[in-house]
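In: Provided below for reference: sequence and predicted model.
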Amino acid sequence: MADLASRAARMNSAPSAAELRAGIRDAVTTVVPSILAYGAVWGGLARQAGLSFGEIVAMCLLVSAGTAQFVALPMLAGGAPAWLLVVTTYIVNLRHYLMAERRYHERGPGGRRGGAGVDPGGRGRAWTGRAGASTLT
């Protein structure tokens, strides 16, 4: 029980400078290379599909769902109307409704609904949980 109390106290304290540097280092070494690889692949496919540089930049700025970008490429190359792109993007992203529904019924730390999120202690650690259980990562 004392371990649980000390763990809760650590979660509610501000991160140390070393923890902050470690978090930034982890993000830079994993997230940034992934974004660059994704952008290179998508940009190459977009050029191959016939999009201009301006169209590629506009799509990157206006479309936030990566899946929608990949789905739209062959449709744009084939001359599909804009309304069909919008409807197709909506259908492709319906999976988010299913994931949100699943997460709503799970419980996280303290019995709160929503099985994934950020630790309320403000340390930015993600937590996931199953009904009746909680796991801080």
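Out: Looks like it arrived, so ask away.
In: same for the helix with the most length in the chain, what does it pack against?
Out: Identified as the longest helix of the chain according to DSSP state H is helix 17-48. Packing partners of helix 17-48 (3 or more C-beta pairs under 8 Å, 6 or more residues apart in numbering; DSSP states H and E): helix 53-62, helix 66-77. Just so you know, the C-beta spots here come from the backbone N, C-alpha and C atoms, and that holds for glycine as well.
In: quick check: which ranges of this structure have low pLDDT?
Out: Residue ranges of the chain with pLDDT under 70: 1-12, 102-137.
In: domains in it, as residue ranges please.
Out: 16-93, 96-137 (automatic domain parsing).
In: quick one: end-to-end distance for the longest one.
Out: So that's domain 16-93. 38 Å (C-alpha to C-alpha, to the nearest Å).
In: so what touches stretch 28-44?
Out: Here stretch 28-44 makes contact (C-beta atoms under 8 Å, 6 or more residues apart in numbering) with I56, C60, G66, Q69, F70.
In: count the residues that sit near the third one.
Out: A count of nearby residues for G66, using other C-beta atoms under 10 Å, gives 12.
In: over to G43?
Out: 16.
In: same question for the one 5 residues further on.
Out: The local packing count at Q48 equals 10, with neighbours defined by other C-beta under 10 Å.
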